[in-house]
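K.L.:
3D model of this:
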Amino acid sequence: MKKMNYLFAMGAIALMAAASSACSGNSSSNNPEAAAEAAASSLPTDGILGELPKVVAEFEASEAAADSKYKELKESAPEKANEFWKEYLAQGNRTKFKKETMPALEKTLEGKEIPTEVAEGLPIILDKNFTLDAKRNATTTGAFTAEATNQTPIMSYTSVAYDSDGNPFYIGKKSISFSNYPIAAGKTFTSEFFVSVSDYDAANWAKLAKIVIMDKESEAFKQAEEQVKALKDAFMKN
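P.N.:
Alright, predicted model coming up:
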């Protein structure tokens, strides 16, 4: 079972602004599930990641709506609740999403570049932008500059995704990797970044603008970390 979706809140705001009504004759304010689904469907698809954020958001909203209905039925008619959930699982939505929908979307991203920046002061230079493969893994390569030394804290370097509004919303898990010590000018390295879209940040991914490589000890990273945490906390409260 899934937790109430952050998109519910986002959807309610979007629908109230549009003054539209939800399905089955209920207003959007009384139907957060419909609001979430409408918000997901309204996500733009002309960004770097194309339809991926929208499709993920729609799937998560659908799952959350089914979960909400199950819980509602469980309170009034447990037998009907179990029957509903059994029928819902039998539709195979999750399996289709994982084995068919996502692989097809991933293939459309192969070769796409994500504008990439290096934070000021880092002794590295990139050969190219992060470039996606057919599995949502993005890779870039580069080299150390003359300012690099064996004490350069490259293991604390990470990548942060920003949307077109300048909001950081996702922090990559991997640091820079290279073949051999010591660190010295001209030695090459590789950096990887995995695009992981969730319901709470799908709207940000739809407006993905750039990735910035930075040091986890920097003030910029600490601020980004706080904002990403706030985004996640907003999701958990709904």
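K.L.:
which residues of this protein fall in strands?
P.N.:
Under the criterion DSSP state E, the chain carries strands at the ranges 113-114, 116-118, 124-126, 130-132, 137-144, 157-163, 168-171, 188-194, 208-215.
K.L.:
counting contacts, what elements does the first one pack onto?
P.N.:
Taking 3 or more CB pairs under 8 Å, 6 or more residues apart in numbering; DSSP states H and E as the contact definition, the neighbouring helices and strands of strand 113-114 are strand 130-132, strand 208-215. C-beta coordinates here come from the backbone N, C-alpha and C atoms, glycine included.
K.L.:
try it again with 10 Å
P.N.:
Secondary-structure packing of strand 113-114 (3 or more CB pairs under 10 Å, 6 or more residues apart in numbering; DSSP states H and E): strand 130-132, strand 137-144, strand 208-215.
K.L.:
most tightly packed of the ones you listed?
P.N.:
strand 130-132 (a mean of 22; mean count of other CB atoms under 10 Å).
K.L.:
neighbouring strands of it in the sheet, and parallel or not?
P.N.:
strand 113-114 (antiparallel), strand 137-144 (antiparallel) (DSSP bridges).
K.L.:
touching the shortest one from outside, list them.
P.N.:
Yep, that's strand 113-114 we're talking about. For strand 113-114, the surrounding residues in contact (CB atoms under 10 Å, 6 or more residues apart in numbering) are 48-49, 128-132, 138, 140, 159, 161, 193, 195, 208-211.
K.L.:
now stretch 142-155
P.N.:
With contact meaning CB under 10 Å, 6+ apart, stretch 142-155 is reached by 116, 118, 121-128, 175-178, 181-191, 213, 215-217.
K.L.:
from those, list the buried ones, please.
P.N.:
116, 118, 122-124, 126, 175-176, 178, 183, 189, 191, 213, 215-216 (16 or more other CB atoms under 10 Å).
K.L.:
export the strands paired with strand 130-132 to JSON lines and tack on distance to residue 153 and mean pLDDT?
P.N.:
Below are the strands paired with strand 130-132 laid out as JSON lines (distance: least, CB to CB, whole Å; pLDDT from 0 to 100):
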{"stretch": "strand 113-114", "distance to residue 153": "24", "mean pLDDT": "98"}
{"stretch": "strand 137-144", "distance to residue 153": "13", "mean pLDDT": "96"}
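K.L.:
and of these, who's closest to residue 66?
P.N.:
strand 137-144 (30.5 Å; CB to CB).
K.L.:
starting at the chain centroid, how far to that closest one?
P.N.:
21 Å (CA atoms, centre = their mean, to the nearest Å).
K.L.:
angle of that strand against strand 188-194?
P.N.:
150 degrees (axes from the mean of the first three to the mean of the last three CA atoms, to 10 degrees).
K.L.:
alpha carbons of strand 137-144, as CSV, please.
P.N.:
Only the C-alpha atoms of strand 137-144 are listed here, as CSV (Å, rounded to 0.1, in the frame of the first residue of the first chain):
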residue,chain,number,x,y,z
ASN,A,137,22.2,6.4,-16.3
ALA,A,138,24.0,9.6,-17.2
THR,A,139,27.8,9.8,-17.5
THR,A,140,30.3,12.5,-18.1
THR,A,141,34.1,12.5,-18.2
GLY,A,142,36.8,15.1,-17.5
ALA,A,143,40.2,15.7,-16.1
PHE,A,144,41.9,17.3,-13.1
